[in-house]
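Q: Sequence first, predicted coordinates after that:
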Amino acid sequence: MTTIAEILSRDGKRARVVLEPNPFRPSGGGQPSDRGRLAGGGFEADVVDVRSDQGRIVTELKVRKGELRPGLSVDVAIDEAWRLILTRMHSGEHILSKVLEGMREGLHITKTHIGDRESSIAIDYDGDLDWDLLFAAEARTREIIARGLAVTVHELDERAARQFPGLKANWDRIGDGTVRVVEIEGFDANACCGSHVASTDEVGDLFVTGWNGSAPDWSVTFTVDGDGLRDRYSQVLRRLLRQVGCGDDQIETVYGKVRGERDGLARVLDRVRQHLALPWTTDEGGDFHLYVAELPGWPVDVVTPTVKRLVEADPEALAVVVCPDEAGQGPFVAAAGADVALDLRVLLKGRPDLEARGGGASSWVSGRTGQARATAWIKALRS
């Protein structure tokens, strides 16, 4: 049980309060706060966030029912499943981070984000990350986890903390007072305010899910519930191998060839775009020169350079390309020259008969239309 000692703010169902005592772990160290529920005296609220703010712990509530008032005593229900998965993730992150830093000289962990499904590690490293490194780090981390090393939390003053053997700490972020040191027996010591398991074998099946970035800014993602993922990844790979028709040791080579062919075709297409001539239907009457082209089944991005060249060459041009499918629907692009006094966004809103959905700027819009026929657009633009 706890007491709502102070109400800091209230906005509809949202409220920020101070609890005495506070039973919820606040966010910190890249780990979200505890969640849970308060209930008592006809009052119920969800605890959605807990933060340290200027020396006191502030709890954010979503009120479900009842009156929120200072001095109200309430029962506490902490979401233990949420706390446990974050605890396992955070301990797994400590081990994986330590392993990674030990595998490459100059590799440093700069930030972490702990989630309930997937967590991430931000890395500063001038070299390259690759799957060989990450697979080796994953295997080493799982080995450490399986050893069941004791995880101990020490509450130390700054002087004692600075003398703690092998302690990793960002002293710029540590204020005056107690330093919380998380020690993994014979393996790691880290200044951290997050929650942690008592033994490494409680972490679970750590599984590296991916990585991205470029030197020196990298990010690695992982989970501690790898059992289910391994089954899923295996099924996906087996399906892929069946479609591609190669062995698992050849899939990267085959993919590399396909990607190279795709990139080559993209370069050819870029050159073709610059010289493409479209079958325009033209009408130079009225306040602008109208150009409309109907290209069934075409991808609209192929024609955008041609449309751009047209309106730049003829500032009085209004150009439209529609690419209908068999049902007469499809993508479109419309552009206006500099001397055309027409906002194409307003045009789309004012002509519901075109069934056009999209957006852009006043002189350039694109999207999809239910009337992807040249005749429909000519009629709409000239009426």
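A: Everything's here; your move. Residues are numbered from 1 along each chain as shown.

Q: Which residue ranges of the stretch 151-300 of the chain form strands?
A: 151-156, 179-184, 188-191, 207-214, 217-223, 281-283, 289-294 (DSSP state E, counting those that start in this stretch).

Q: Relative to the longest one, what are the paired strands and their orientations?
A: Looking at strand 207-214 with DSSP bridges, its paired strands and their directions are strand 217-223 (antiparallel).

Q: By neighbour count, which bits of stretch 345-364 are buried? Give me those.
A: For stretch 345-364, burial by neighbour count (16 or more other Cβ atoms under 10 Å) applies to Arg345, Leu347, Leu348, Arg351, Leu354, Ala356, Gly358, Ser363, Trp364. The way it works is simple: take the backbone N, C-alpha and C, and place the C-beta from them, glycine included.

Q: And stretch 150-164, by the same measure?
A: Within stretch 150-164, the residues that qualify as buried are Val151, His154, Leu156, Ala161, Phe164, counting by 16+ other Cβ under 10 Å.

Q: and what of stretch 62-75?
A: Val63, Gly66, Leu68, Leu72, Val74.

Q: and it, how far apart are its ends?
A: Across stretch 62-75, the terminal residues are separated by 16 Å (Cα to Cα, to the nearest Å).

Q: from here on, count from 32
A: Yep, numbering from 32; the last one is stretch 93-106 now.

Q: Just checking the distance from that stretch to the centre of its chain.
A: Remark: stretch 93-106 is offset 35 Å from the chain centroid, using Cα atoms, centre = their mean, to the nearest Å.

Q: rewinding a little: closest one of the buried residues of stretch 181-195 to Thr231?
A: Val182 (6.5 Å; Cβ to Cβ).

Q: mind checking pLDDT for that closest one?
A: On the pLDDT scale, Val182 is placed at 97.

Q: Show me the beta-bridge partners of it.
A: Applying DSSP bridges, one finds that Val182 bridges with Ile215.

Q: quick one: contacts for it?
A: Contacts for Val182 (Cβ atoms under 8 Å, 6 or more residues apart in numbering) come out as Ser122, Val213, Glu214, Ile215, Glu216, His227, Val228, Ala229, Ser230, Thr231.

Q: closest one to Leu165 among the strands of the stretch 182-331 of the chain?
A: strand 238-245 (4.9 Å).

Q: For the stretch 32-181 of the chain, just list every one of the strands.
A: Under DSSP E, counting those that start in this stretch, the stretch 32-181 of the chain gives strands at 33-42, 45-51, 67-71, 74-84, 87-96, 104-109, 139-144, 150-155.

Q: Nearest to Ala369 among the ones you listed would be which one?
A: Closest to Ala369 of those, according to Cβ to Cβ: strand 150-155, at 45.6 Å.

Q: What lies in contact with that closest one?
A: Residues contacting strand 150-155 (Cβ under 8 Å, 6+ apart): 120-121, 123-124, 127-128, 131, 138-144, 160, 244, 247-254.

Q: what does the domain assignment say about the protein?
A: Domain ranges of the chain: 33-109, 115-275, 312-413, per automatic domain parsing.

Q: separation between the residue of the chain most remote from its centre and Leu349?
A: Distance from the C-alpha centroid of the chain, by Cα atoms, centre = their mean, peaks at Gly316 (50.4 Å). To Leu349, Gly316 is 12 Å away according to Cβ to Cβ, to the nearest Å.

Q: So which of the buried residues of stretch 376-395 belong to helices?
A: Those of these mapping onto helices are Arg376, Leu378, Leu379, per DSSP state H.

Q: Export the residues you listed as JSON lines, with columns for distance to Thr209.
A: JSON lines is the format used below for these (distance: Cβ to Cβ, whole Å):
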{"residue": "Arg376", "distance to Thr209": "59"}
{"residue": "Leu378", "distance to Thr209": "66"}
{"residue": "Leu379", "distance to Thr209": "62"}
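
Q: which one of those is nearest Ile109?
A: When those are compared against Ile109 (criterion: Cβ to Cβ), the nearest one is Arg376, at 50.9 Å.

Q: on that earlier part again, now render the domains of the chain as CSV, adding distance to Val299.
A: Output for these, formatted as CSV (distance: least, Cβ to Cβ, whole Å):
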stretch, distance to Val299
domain 33-109, 46
domain 115-275, 24
domain 312-413, 12
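
Q: Please identify which of these is closest to Lys288.
A: Using Cβ to Cβ, these put domain 115-275 closest to Lys288, at 10.8 Å.

Q: what's the distance between that closest one and the middle of its chain?
A: Relative to its parent chain, domain 115-275 has a centroid offset of 19 Å by Cα atoms, centre = their mean.

Q: same deal with stretch 325-335?
A: In terms of Cα atoms, centre = their mean, the centre of stretch 325-335 is set 32 Å apart from its chain centre.

Q: start to end distance for it?
A: Terminal-residue distance, stretch 325-335 (Cα to Cα): 14 Å.

Q: before we move on, the earlier item: wait, which of the strands of the stretch 32-181 of the chain is closest to His306?
A: Nearest to His306 among these is strand 150-155 (44.7 Å), distances taken as Cβ to Cβ.

Q: Can you give the strand pairings for the closest one, parallel or anti for each?
A: Going by DSSP bridges, the partners of strand 150-155 are strand 139-144 (antiparallel), strand 248-254 (antiparallel).

Q: quick revisit: lowest-confidence entry in the buried residues of stretch 181-195?
A: Ala192 (90).

Q: That one and Leu373: what is the separation?
A: For Ala192, the distance to Leu373 - Cβ to Cβ - is 69 Å.
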